[in-house]
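Peer 1: I'll drop the sequence and a predicted model, then ask my questions.
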Amino acid sequence: MRKLFFTLSLFLFSLSAESQLQLANPINVKQFNNKRLKKKARRKKAIIEEYIPFDLKGGLIFLTANMSGQQDSFVLDTGAPSLLLNRKVPIDSSDTVATDITGSVPMQNVIIPKFIIGNITTERVNAYFLDLSHIQANKQHKVAGMIGYEQIKGHELFLDYQRRQMLLLDTERGIYPEAIEPSGYIPFTMQKHFIVVVVKIGGKKLKFGIDTGAEVNLLSKKTYEKLAAHFKFEKEDSIRIRGVKEKALNSQQVIIEQTIIRRKNYANMPYVVMDMERMNNIYEIKLDGILGYPFLASQKFSINYADKMMYIWKDVLPERKVDEADVLASDNSGN
């Protein structure tokens, strides 16, 4: 039985073989300049922030948020432009469409009175209804909607896939500078709502989007064909991809031995080859691919939209300090 994966870069999710999602294997090519890094990562006094736990279904992050007083489950999708809510929209009620590499579906614009993630509250949120029921059915997990770029752009987003926890911080506030320090950084630019980093494959500099809503990495068919002329790809079994459209697409999967980002090689990175021209043209962007779960879960990253930096961390979330009262309560419970 084949397994479905999602790539939600407005949006994509993919269906793959039974094997687990393969992670990138980061290998240091050259040490980072620590002095320069410290200047880039200036941080104020540490302020304790609230950890936001999440569930990981395949490669998608499911977290709890409060919408107008009701707790519900949402997918974190940095590749989506705004808050997206799961509701079927009749064609005659739609006022816009959602488009990704699989096609387009109708959407309807709505205003949400209040939306809360962790300790961050936003009022009068611009959101869109669209049908996400196929994701909910595949993941067997409720999907109230997707949290997109507009909800997180004013903050620094820390993701720890191993512990399944995240922090969403004010960019003016600190992040445990005495306890942990970033070990590297990746500068990025923005193309519309997409985070874009420079990637080197086969000696060519390429532009890739970063997307927490993508279960797989994508390589555009156009870029793949250009590279294939002088670069040998290790081909894998085909994989089925699904996006905003319910219909799945069969796509070629390849393994690339060297994916270089800021002098670091993410070895043996898996990619799915797909035609991205439709999405590039509609959004007026130029992306050669998307880096999703296999890349993001390989290390601990934070995304700072104000600095336009992705920071790499040896550790993101400090270990929770056990209060002495907690220890005593635990000891007494056995008596």
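Peer 2: Cool, the structure landed.
Peer 1: what ranges do the helices span in the protein?
Peer 2: 34-40, 133-139, 149-152, 221-228, 277-283, 293-296, 324-333 (DSSP state H).
Peer 1: show me the contacts for the nearest residue to Ile260 once chain neighbours are set aside.
Peer 2: The shortest distance from Ile260 to any non-neighbouring residue, by CB to CB, 6 or more residues apart in numbering, is to Lys200 (4.0 Å). Placement of C-beta: from N, CA and C, glycine included. When contacts are counted by CB atoms under 8 Å, 6 or more residues apart in numbering, Lys200 touches Leu206, Thr259, Ile260, Ile261.
Peer 1: can you rerun that using 10 Å?
Peer 2: Leu206, Gln258, Thr259, Ile260, Ile261, Arg262, Arg263, Asn265 (CB atoms under 10 Å, 6 or more residues apart in numbering).
Peer 1: tell me, how many residues neighbour the fourth one?
Peer 2: Okay, so that is Ile260. 16 (other CB atoms under 10 Å).
Peer 1: how close does Met309 sit to Ser298?
Peer 2: Remark: distance between Met309 and Ser298 (CB to CB, to the nearest Å) = 18 Å.
Peer 1: for the spatially closest residue to Glu150 that is not a sequence neighbour, give me the pLDDT.
Peer 2: Among residues not flanking Glu150 along the chain, Ser82 sits closest, at 4.3 Å (CB to CB, 6+ apart). The model reports Ser82 with a pLDDT of 90.
Peer 1: again with Ile256
Peer 2: Residue-level pLDDT assigned to Ile256 equals 95.
Peer 1: is Asp160 bridged to anything, and to what?
Peer 2: Beta bridges link Asp160 to Gln165, judged by DSSP bridges.
Peer 1: I'd say it and Tyr51 touch.
Peer 2: Yes - contact criterion CB atoms under 10 Å: Asp160 and Tyr51 qualify, at 9.0 Å.
Peer 1: these two - which one has more neighbours?
Peer 2: Asp160 (19 against 16).
Peer 1: what is the neighbour count of Ile111?
Peer 2: 9.
Peer 1: how close does it get to Ile117?
Peer 2: 18 Å.
Peer 1: show me what contacts Glu225?
Peer 2: Val273.
Peer 1: quick one: buried residues of stretch 220-235?
Peer 2: Ser220, Lys221, Thr223, Tyr224, Leu227, Phe233 (16 or more other CB atoms under 10 Å).
Peer 1: check the average confidence over it, would you?
Peer 2: For stretch 220-235, the mean confidence score works out to 90.
Peer 1: shaky segments in the protein?
Peer 2: 1-50, 99-103, 171-181, 242-247, 315-335 (pLDDT under 70).
Peer 1: top of the contacts of Lys200 by neighbour count?
Peer 2: Most crowded among the contacts of Lys200, counting by other CB under 10 Å, is Thr259 at 25 neighbours.
Peer 1: wait, it touches Leu227, no?
Peer 2: No - look at Thr259 against Leu227 with CB under 10 Å: they stay out of range, at 11.8 Å.
Peer 1: overlap in contacts of these two?
Peer 2: With CB under 10 Å, 6+ apart, Thr259 and Leu227 have common neighbours Ile201, Gly202, Leu206, Leu219.
Peer 1: next one: the residue sitting nearest the centre point of the chain from Tyr224, what distance?
Peer 2: Nearest residue to the geometric centre of the chain (CA atoms, centre = their mean): Thr212, 1.0 Å. Using CB to CB, Thr212 is found at 23 Å from Tyr224.
Peer 1: check Val110 too.
Peer 2: 38 Å.
Peer 1: please apply the same query to Ile290.
Peer 2: In terms of CB to CB, Ile290 sits 13 Å off from Tyr224.
Peer 1: likewise for Leu84?
Peer 2: 29 Å.
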